[in-house]
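Student: Here's a sequence, model it:
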Amino acid sequence: MPTSPLFIKEEALVSYQGEETNHYVAFPAIVPVNDDEVLISYKRGNAHARDTGAVLEIIRFHLKSGKKTQEPIELGIPKTIMQMGEWIRFPDGSLRTYIDAQIVKDGKHTRVGLQQALTKDNGKTFETLKPVGTIDGVEYGYLFDSATVGQRVYALIMTFEYLEGGRRTVDALYTDDNGGTWHFVKNLSEEFGDIRINESSLLPYKDGFLVTTRGYDNQQRLHHVDREFNLIQERNLTTNTPTMDSYLGRPRLFSYGGEYFLIGRNWRTITREIPMELGLFRIDPINLSVDKHFVLDNIERADVTDGYYPCPILFETKDRKLLNVFDYRALFGNSPDIIRFQFDSADFLSE
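Tutor: All right, here's what the predicted structure looks like:
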């Protein structure tokens, strides 16, 4: 059975309460700007999806004091939905947010092509949003994660059948010029056995990467690939983990203290009589199995009706290293808050 560590802190950073419009805040992404501060981006709109006019809002947050240190910045395009943002810090120090831009067409949300905004002053100002455009004949809609190896940045990005290129896959790309130009490496949907996958994450490991994928078949998988994203080994975590009965929502891989972790929205039972939880899984990277399962939020089985796209980060205090998890959570059918959980990071390491 999973265990639940003690909170050091739980707090709402941005609340829906008191807002008559644009009260739906969700899908945070974070990036460090110095040892003590992060930028947090999140969607601000009125609903989970099909939310025309929703913007990407960005705040600067001081990790130790818990205070916002900059007025919010909003990025958006009229009559368009800024659904998800993801940060990439490049080797030259520049920073870009990549936004999953959508419209509502025939009653469905439809990607219009990945948008990007560059900041050269660590998030104090941003250049105008512009499309990433086609990459080797393919237009992408949703960027999930990135990893830097030397001067090269790799990213996992999804394309859709109605965008240029005409396929729905998750691809691995790279850039050697700080995001100026991107190049195709591998179609991971094809490489992993022609499976339909969505939200994915990667982490450098040995001479390649660990990659986790959320399948449209409700399965969460963990893959070990080489530097060219050729498959070495893989494992279906859902079928091999008794306390994981579906995919993980917005999964992310990270590591510290010589250990490897997978975090995301988890369903312990396929029938969902146990409500959604924020799950943290300690991974054995050699055999690609779950070594330990922690429930970071909602082990009490509260009425969480939306939430858990987590972003973890560690920072040092005088006497210990803290694991902070930035996330969103809605209770009782209300709109969500942007929240921060804080734990003693030693609680998750092997004894």
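Student: use CA for all of it now, contacts and neighbours both
Tutor: Fine.
Student: Which residue ranges of the stretch 201-350 of the chain form strands?
Tutor: Ranges of strands within the stretch 201-350 of the chain are 208-215, 220-226, 231-236, 249-256, 259-266, 277-284, 289-297, 304-307, 311-316, 321-331, 337-344, based on DSSP state E, counting those that start in this stretch.
Student: need the ones you listed in TSV with distance to residue 129 and mean pLDDT, can you?
Tutor: Putting these into TSV (distance: least, C-alpha to C-alpha, whole Å; pLDDT from 0 to 100) gives the following:
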stretch	distance to residue 129	mean pLDDT
strand 208-215	29	98
strand 220-226	33	98
strand 231-236	35	98
strand 249-256	24	98
strand 259-266	29	98
strand 277-284	32	98
strand 289-297	35	97
strand 304-307	27	96
strand 311-316	24	95
strand 321-331	25	97
strand 337-344	24	97
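Student: Columns distance to residue 54 and mean neighbour count on top of the ones you listed, output as CSV?
Tutor: Converted to CSV, the strands of the stretch 201-350 of the chain look like this (distance: least, C-alpha to C-alpha, whole Å; neighbours: other C-alpha atoms under 10 Å):
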stretch, distance to residue 54, mean neighbour count
strand 208-215, 25, 23
strand 220-226, 30, 23
strand 231-236, 36, 16
strand 249-256, 20, 21
strand 259-266, 23, 22
strand 277-284, 25, 22
strand 289-297, 27, 20
strand 304-307, 17, 19
strand 311-316, 21, 17
strand 321-331, 16, 21
strand 337-344, 16, 21
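Student: and residue 117, which of the ones you listed is closest to it?
Tutor: With C-alpha to C-alpha, the closest approach to residue 117 among those belongs to strand 311-316: 20.3 Å.
Student: which residues touch that closest one?
Tutor: 28-30, 35-36, 252, 254, 321-327, 345 (C-alpha atoms under 8 Å, 6 or more residues apart in numbering).
Student: Let me have the strands of the stretch 201-350 of the chain in CSV, extended by distance to residue 44.
Tutor: Shown next, in CSV, are these (distance: least, C-alpha to C-alpha, whole Å):
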stretch, distance to residue 44
strand 208-215, 25
strand 220-226, 29
strand 231-236, 35
strand 249-256, 18
strand 259-266, 21
strand 277-284, 22
strand 289-297, 23
strand 304-307, 14
strand 311-316, 17
strand 321-331, 12
strand 337-344, 10
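Student: of all these, which lies closest to residue 97?
Tutor: Going by C-alpha to C-alpha, the one of the strands of the stretch 201-350 of the chain nearest residue 97 is strand 311-316, 14.9 Å.
Student: Direction included, what does the closest one pair up with?
Tutor: The pairing partners recorded for strand 311-316 under DSSP bridges are strand 321-331 (antiparallel).
Student: what's the angle from the partner strand to strand 249-256?
Tutor: Counting by axes from the mean of the first three to the mean of the last three C-alpha atoms, to 10 degrees, strand 321-331 lies at 170 degrees to strand 249-256.
Student: quick one: residue 17 and residue 337, what's the gap?
Tutor: 8 Å (C-alpha to C-alpha, to the nearest Å).
Student: shared neighbours of those two, which are they?
Tutor: In contact with both residue 17 and residue 337: no residue, using C-alpha under 8 Å, 6+ apart.
Student: For residue 304, give me its contacts.
Tutor: Residue 304 touches 275, 276, 298, 329, 330, 331, 332, 333, counting by C-alpha under 8 Å, 6+ apart.
Student: Just grab the bridge partners of the fifth one for me.
Tutor: Beta bridges link residue 330 to residue 306, judged by DSSP bridges.
Student: who are the neighbours in contact with it?
Tutor: 304, 305, 306, 307, 336, 337.
Student: Closest one to residue 178 out of those residues, please.
Tutor: Nearest member of those to residue 178, counting by C-alpha to C-alpha, is residue 307, at 32.2 Å.
Student: So that closest one is in contact with residue 327, correct?
Tutor: Yes: counting by C-alpha atoms under 8 Å, residue 327 is a contact partner of residue 307 at 7.5 Å.
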